[in-house]
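sharing a model that was predicted from the sequence below.
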Amino acid sequence: MRSLLFTLSLLCFASQTSLSWKKEEFRSCDQTPFCKRARSRSPGACSLIATDVTIADGDLVAKLTPKDNDDQINPLVLSLSVYGDGIVRLRIDEDHSLNPPKKRFRVPDVVVPELEEKKIRLEKFATENDPPSSVVYVSDGYEAVVRHEPFEVYVRERSGDRRRVVSLNSHGLFDFEQLGKKGEGDDWEEKFRTHTDSRPFGSQSISFDVSFYESSFVYGIPEHATSFALKPTKGPGVEESAEPYRLFNLDVFEYEHESPFGLYGSIPFMVSHGGTGKSSGFFWLNAAEMQIDVLAEGWDAESGGGESRIDTLWMSEAGIVDTFFFAGPEPKDVVRQYASVTGTSAMPQLFATGYHQCRWNYKDEEDVAQVDSKFDEHDIPYDVLWLDIEHTDGKRYFTWDSALFPNPEEMQKKLDAKGRRMVTIVDPHIKRDDSYFLHKEATEMGYYVKDSSGKDFDGWCWPGSSSYIDMLSPEIREWWGGRFSYKNYVGSTPSLYIWNDMNEPSVFNGPEVTMPRDALHVGGVEHREVHNAYGYYFHMATSDGLVMRGEGKDRPFVLSRAIFPGTQRYGAIWTGDNTAEWEHLRVSIPMLLTLGLTGITFSGADIGGFFGNPEPELLVRWYQVGAYYPFFRGHAHHDTKRREPWLFGERNTELMRDAIHTRYTLLPYFYTLFREANVTGVPVLRPLWMEFPQDEATFSNDEAFMVGNGLLVQGVYTKGTTHASVYLPGKESWYDLRNGKTYVGGKTHKMDAPEESIPAFQRAGTIIPRKDRFRRSSFQMDNDPYTLVIALNSSQEADGELYIDDGKSFEFKRGAYIHRRFVFSNGVLTSKNVAPPEASLSSQCLIDRIILLGHSSGPNSALVEPLNQKAEIEMGPLRMGGLVASSGTNVLTIRKPGVRVDQDWTIKIL
């Protein structure tokens, strides 16, 4: 009977996924008591004052007590730490010496250990009397201030008028609900639909206001399908029914665009930017549900006006105050500061930066072989073929359906022979089947999340009755990682990598399609406290498992749907279950820009939309935009029609092939940018204002984007469009990527956008490396020669970089890489080594072609040194890979200069 009921339930859920998002299944702020309470508070409601200020263990510490403590409320403990490069950390918690009912959860394994090395141990603080405040040094340009009464914390500039940068509790909205001990007759339960949350410690929420000064816009706090610049959610001119931006990881199918509703991931990091060109940031390390309001101008009539400031309200169900202030001042400074706290992006293997082909599901080994051969038949490169849940034996992960995939190792080896890989899916729900080895072992070891009564939690997901591995425990994560060994994952090979889906976690019969908040993790931690980080720990354990499998030699590739701060250290993510609609193509850009800004640079959206059947024009346009996504994958639901690139007629196949070839031509540039992200945290995909921070026309532009500092791309997001308006920022020129035509910066241009391509431009003053020979996969391009495209600025100068390593191992961490800087000045192109002296890697690859855009004269040869030989120069149409521009400007090309990519040399235009 239970099996029948479960089957009917799954059929019901499946029918929902084929329709649309059902808003009533998820809580609004009014249905979320902590959010409703926090939103109802008035400015100035906080009565806390800072007392007993002192220095302890290198931090500024104080007690926060109510000014008139008639109710004998326990004081809170404040700790302020300072780190190098303009970072301030503020922590506020209950006083453990007063024996609260339990210790509040502090999120582990997110802040990187290296941060402590940057700590500035405070030895003293200055005092100010008007108002009474304690001041500590942050850097040469900034200081942090704790105002005593009323309590407030802010970072300000040290010189001039001491301009404020970021502040907390400037409007007195701070509130900290302390844990309670349930007495007889206390009713702390909360109900939503058919679910009851026992809330054994009562209300424990925290809320406060955060202000950003000299700011025009704020950005960040993914994941939402909405505009890049965050719109106000409360205050004058905003509908009273407007919702805050919700951060609560959920399995949301066919999500709506232009919605503040939370999706699969949560990163409570916000960046501000203003007309002065300066940026600042604020990050709250907290894994509980969060809601954030962006407050409209005039929301607090008492605060006055006249200053360019954006106020926000941050609300969380549980946790502690563990916040970071980032002083900037440049946009790239803020993302670097955030990366120094949560880590930079993992360096991907080269294959992972190519094109991925996925579907729910490629049905058997014959289907896999046919798809693979069709890519070759149609001269379309790709690197990875994916298998969804149907490849398993009854949704039991780490298994294969023996009828459909009887020879998995042989299947993988055939792909590997062409330099291609396979990815299989492994989700966190484990089928409750006593004959299933994984369930049996997890049960015996006590490795499952428990329900509120202490029994193994039992929820419904794809396999039916399922339990969920408790990834909060490092011991359990290590055990999980061991499941990926070749011995344990029978049928896997070194060319097999992993996809973590449904790791929010998704529970079909749970409240809001997830795990109950009062479920219990190791150490008695309630799920409400760790919810948003659950998928992060699952991603971490899987990634670490692949490193273990390869004995520390092979970089892992793991795709995750759920995200949290630190996810960038473990692999790629995608934007989940989007739809084959033009608006979903458009909203993919602000979603990916937001992810990149908040650390998750290796991200993409399903090409063509996961749900629905894209018309050919939409699919072509999606490939043309998606070729510039950091993570480039086509994927589709099993109810959709097959949509491999060769199924839409010869002309559409040609257009999609050209888009994919564009990506492969630019792989050296992308790989160099991934290395920059790995070192600095600066994303691959960038908002225009990150490169042009004082150009106010870029601040709310989320339809165009930068790839690195050298390419600007404008997508086409409307059916039937053959023209596009493109704003090209800056004072220098831009060169059309396809034909070399020159366009002036600082103005909007109406561009042709024919079916062949979308508008894309190279920035004057940059040098971009390419590989122009068409191959079947990135592996087969390994020894191919390079092309350098030099886009000269008004001073006839340009520069750029190229990074090369073995594309697969961790040897780059031990210096096995090439890092070159190319500089063109005074008619001479110079190749310089910018790697440290201990770096050593050789390459026989040559520079085969050098293209100069915007060269002002017509020379006929070039002198190559130290070879002391001349190279041929020709004038002709621009080449992009194997494609030749049919119209445009003739460009100067130096052919076969014979120089190696790993050596110093100069080429002088004669």
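Great, that's in hand. Note that this is a predicted model, so its numbers are computed, not measured.

the stretch 651-800 of the chain: strands as residue ranges?
685-686, 704-707, 711-714, 723-728, 734-736, 742-743, 747-752, 760-763, 766-770, 786-791, 798-804 (DSSP state E, counting those that start in this stretch).

a markdown table for the ones you listed, including distance to G274?
(Each C-beta comes from the backbone N, C-alpha and C, glycine too.) A markdown table is the format used below for the strands of the stretch 651-800 of the chain (distance: least, C-beta to C-beta, whole Å):
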| stretch | distance to G274 |
| --- | --- |
| strand 685-686 | 18 |
| strand 704-707 | 19 |
| strand 711-714 | 22 |
| strand 723-728 | 19 |
| strand 734-736 | 25 |
| strand 742-743 | 28 |
| strand 747-752 | 22 |
| strand 760-763 | 23 |
| strand 766-770 | 26 |
| strand 786-791 | 30 |
| strand 798-804 | 29 |
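
will you turn those into TSV that also has distance to L173, mean pLDDT and mean neighbour count?
Shown next, in TSV, are those (distance: least, C-beta to C-beta, whole Å; pLDDT from 0 to 100; neighbours: other C-beta atoms under 10 Å):
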stretch	distance to L173	mean pLDDT	mean neighbour count
strand 685-686	33	98	25
strand 704-707	35	98	23
strand 711-714	40	98	23
strand 723-728	38	97	18
strand 734-736	45	98	24
strand 742-743	48	97	16
strand 747-752	41	96	13
strand 760-763	43	98	25
strand 766-770	45	98	24
strand 786-791	49	98	25
strand 798-804	46	98	23
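
out of the ones you listed, which is closest to L852?
Judged by C-beta to C-beta, the one of these that comes nearest to L852 is strand 786-791, at 4.9 Å.

tell me the strands beside that closest one, with direction?
Next to strand 786-791 in the sheet, as set by DSSP bridges, lie strand 766-770 (antiparallel), strand 846-853 (parallel).

pull that strand out as CSV, backbone CA atoms only.
C-alpha atoms of strand 786-791 as CSV (Å, rounded to 0.1, in the frame of the first residue of the first chain):
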residue,chain,number,x,y,z
TYR,A,786,48.4,30.0,-30.7
THR,A,787,47.1,33.1,-32.3
LEU,A,788,47.5,36.5,-30.5
VAL,A,789,44.9,39.2,-31.3
ILE,A,790,46.3,42.6,-30.5
ALA,A,791,43.7,45.4,-30.2
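
save the strands paired with strand 786-791 as JSON lines, and put in distance to R420 too.
Below are the strands paired with strand 786-791 laid out as JSON lines (distance: least, C-beta to C-beta, whole Å):
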{"stretch": "strand 766-770", "distance to R420": "22"}
{"stretch": "strand 846-853", "distance to R420": "25"}
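
between these, which gets nearest to C46?
strand 766-770 (49.8 Å).

just to revisit the earlier point, which of the strands of the stretch 651-800 of the chain sits closest to F812?
Proximity of the strands of the stretch 651-800 of the chain to F812 was assessed by C-beta to C-beta; the nearest stretch is strand 798-804, lying at 8.9 Å.

before we move on, the earlier item: quick one: which of the strands paired with strand 786-791 is nearest F437?
The nearest among the strands paired with strand 786-791, by C-beta to C-beta, is strand 766-770 at 48.1 Å.

who's in contact with the closest one?
The set of residues external to strand 766-770 that reach it, using C-beta atoms under 8 Å, 6 or more residues apart in numbering, is 665-666, 668-669, 672, 709-711, 762, 786-791, 798-800, 802, 822, 824, 881.

hmm, 6 Å instead?
665, 668-669, 710, 786-791, 798-800, 802, 822 (C-beta atoms under 6 Å, 6 or more residues apart in numbering).

what's the most distant pair in those residues?
The widest separation within those (C-beta to C-beta) is 20.7 Å, between T665 and D799.

ok, the closest residue in space to N652 that isn't next to it in sequence to E583 distance?
Excluding the flanking residues, the one nearest N652 by C-beta to C-beta, 6 or more residues apart in numbering is P616, at 4.7 Å. According to C-beta to C-beta, to the nearest Å, P616 and E583 sit 18 Å apart.

V271 and M690: what is the separation?
If you measure V271 against M690 using C-beta to C-beta, the figure is 10 Å.

looking at these two, which has the bigger crowd around it?
V271 (28 against 25; other C-beta atoms under 10 Å).

thinking again about what came up before, the residue nearest to N652: neighbour count?
Counted by other C-beta under 10 Å, the residues lying close to P616 total 17.

again with G746
G746: 13 neighbours (other C-beta under 10 Å).

tell me how far it lies from Q694.
12 Å.

roughly how far does A229 sit from G482?
For A229, the distance to G482 - C-beta to C-beta - is 45 Å.

and Y397, by the same measure?
14 Å.

between these two, who's got more neighbours?
Neighbour comparison, Y397 and G482: the larger count goes to Y397, with 22 against 16 (by other C-beta under 10 Å).

confirm for me that the more buried one is in contact with P428.
No - taking contacts as C-beta atoms under 6 Å, Y397 lies outside contact range of P428: 9.0 Å.

quick one: E184 is in a helix?
No - counting by DSSP: H, G, I helix; E, B strand; the rest coil, E184 is located in no helix; its state is coil.

switch to numbering from 49
Got it, the first residue is 49 from now on, which makes the last one we talked about E232.

what about it, neighbour count?
Count around E232 with other C-beta under 10 Å applied: 4.

likewise M459?
24.

secondary structure element for it?
helix 456-464 (DSSP states H and E).

mean confidence (pLDDT) on that helix, please.
Averaged across helix 456-464, the pLDDT comes to 98.

ditto for stretch 102-122
Mean pLDDT, stretch 102-122: 90.
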